[in-house]
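Enquirer: Quick one: sequence and predicted model below, then my questions.
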2 protein chains.
Amino acid sequence: MEKTTATQQTMDQVISPAQLLEHWQGHRRLTRRVIEAFPEKELFEHQIGGMRPFSEMVAELLAIAVPGLEEIVSKKTVEFREKSDFGHSKAKVLELWDESTEEINKLWNQIGLERFQEYIKLFGQYEGTVQSSIFYFIDNEIHHRGQAYVYLRSLNIEPPFFYER
Amino acid sequence: MEKTTATQQTMDQVISPAQLLEHWQGHRRLTRRVIEAFPEKELFEHQIGGMRPFSEMVAELLAIAVPGLEEIVSKKTVEFREKSDFGHSKAKVLELWDESTEEINKLWNQIGLERFQEYIKLFGQYEGTVQSSIFYFIDNEIHHRGQAYVYLRSLNIEPPFFYER
């Protein structure tokens, strides 16, 4: 008797949907610790070379993750819009971050394996497959969080270890 | 008549090995443009907050990519060693980068789909699957390149677009 189990399906994959979710959430846990490492004032004000403060980068990440997945799940185009109102509060940033964490888990379970190679035009303008879009979400987060590491170091604050998820 | 083609195999995957290679090489093309954007002196000397100059981060990326893949392919443990001798030359950095590009392509074709979920202990110390190790290589590159963006901006130099691969 042969059974095709979830484990068997994972073995035939470079990375399974469940592994990719955990990969992303691991990165998001690290980003959360980076947000926490900032003093509240510097989270909203510190920048280098004319770049945005980290709070504005986080607003971008929040505007991409859940709305992007909602569009993938519903197949209904939404407009890209950064609208996070943090009210200069680090606690509010973390609260919205944690809400997104839950939402991502719920939406993820509605994306079947057969969807990842499907072509989409996200936010009405970014063309690619579902997988390339999701990797873009993750890579963009790593990119901006790397910038936050420099901000923290320039403030003489030690960032969390990159390899701890 | 049914044929199981490479396309069919791709359709059943979150991301196929060929797509993951192209994803990585796309990131490596962007990193190459970031190296090029640095003036030679600043590539080797400019830093913020006590962090390493970007040339040293590139030496780390070179020490991970090809040696890491060689270990995955050969299953023989190697010691992690940063040994790039750039001789303070940007041309040399780019030359070694391009050599690695070719080596990565050659090694990649020796990694079968069934290997990606295999557990390994890379460089004798980093435990994980082949896929988690390769994603670590890519993510670590994005992380440090994000830092290089801040270095460039602090030098009043516009970095290449993040989304151009």
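Expert: Received it, and whenever you're ready, just let me know what you need.
Enquirer: and the helix or strand containing residue A:147, how far from the chain's centre?
Expert: Counting by DSSP states H and E, the secondary-structure element that holds residue A:147 is helix A:130-154. Relative to the centre of its chain, helix A:130-154 is centred 8 Å away, using CA atoms, centre = their mean, to the nearest Å.
Enquirer: between it and helix B:130-154, how many degrees?
Expert: Relative orientation of helix A:130-154 and helix B:130-154, computed by axes from the mean of the first three to the mean of the last three CA atoms, to 10 degrees: 50 degrees.
Enquirer: the helices in chain A, which residues?
Expert: Assigned by DSSP state H, the helices in chain A fall at A:6-11, A:17-37, A:40-45, A:54-74, A:90-108, A:130-154.
Enquirer: and among the ones you listed, the most buried is which?
Expert: Using mean count of other CB atoms under 10 Å in any protein chain shown, the stretch among the helices of chain A with the largest mean neighbour count is helix A:130-154, at a mean of 22. All C-beta spots, glycine's among them, are computed from the backbone N, C-alpha and C.
Enquirer: hmm, that one touching chain B?
Expert: Yes. Using CB under 8 Å from any CB of the partner chain, we find that helix A:130-154 touches chain B at A:131-132, A:135-136, A:139-140, A:142-147, A:149-154.
Enquirer: tell me what that helix is packed against?
Expert: Under the contact criterion of 3 or more CB pairs under 8 Å, 6 or more residues apart in numbering or on different chains; DSSP states H and E, helix A:130-154 touches helix A:17-37, helix A:54-74, strand A:119-122, strand A:126-129, helix B:17-37, helix B:130-154.
Enquirer: JSON lines for the helices of chain A, including mean pLDDT?
Expert: Conversion of those to JSON lines gives the following (pLDDT from 0 to 100):
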{"stretch": "helix A:6-11", "mean pLDDT": "60"}
{"stretch": "helix A:17-37", "mean pLDDT": "98"}
{"stretch": "helix A:40-45", "mean pLDDT": "98"}
{"stretch": "helix A:54-74", "mean pLDDT": "97"}
{"stretch": "helix A:90-108", "mean pLDDT": "98"}
{"stretch": "helix A:130-154", "mean pLDDT": "98"}
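Enquirer: just so I know, which of these lies nearest residue B:110?
Expert: Closest to residue B:110 of these, according to CB to CB: helix A:6-11, at 19.2 Å.
Enquirer: Quick one: residues contacting the residue lying closest to residue A:137 once chain neighbours are set aside.
Expert: Using CB to CB, 6 or more residues apart in numbering or on different chains and skipping the chain neighbours, the partner closest in space to residue A:137 is residue A:64 (5.4 Å). Applying CB atoms under 8 Å, 6 or more residues apart in numbering or on different chains to residue A:64 gives the contacts A:80, A:137, A:140.
Enquirer: do residue A:143 as well
Expert: Taking CB under 8 Å, 6+ apart, we find residue A:143 in contact with B:142-143, B:145-146, B:149, B:162.
Enquirer: tell me the two of those residues that are most distant?
Expert: Greatest spatial distance in the contacts of residue A:143: B:143 and B:162, 13.0 Å, computed using CB to CB.
Enquirer: circling back to that earlier point, closest one of the contacts of residue A:143 to residue B:102?
Expert: Checking the contacts of residue A:143 against residue B:102 with CB to CB, the nearest one is residue B:145 at 20.4 Å.
Enquirer: My guess is that closest one contacts residue A:146. True?
Expert: Yes. In this structure, residue B:145 is within contact of residue A:146 by CB atoms under 8 Å, at 7.1 Å.
Enquirer: what comes up buried for stretch A:109-125?
Expert: For stretch A:109-125, a neighbour-count test (16 or more other CB atoms under 10 Å in any protein chain shown) marks A:111, A:115-117, A:120, A:122-123 as buried.
Enquirer: give me the subset of those residues touching chain B.
Expert: Counting by CB under 8 Å from any CB, the subset of the buried residues of stretch A:109-125 that neighbours chain B consists of A:116-117.
Enquirer: Pick out the most distant pair among the buried residues of stretch A:109-125.
Expert: Pairwise across the buried residues of stretch A:109-125, and taking CB to CB, the largest span is found between A:117 and A:123, at 19.7 Å.
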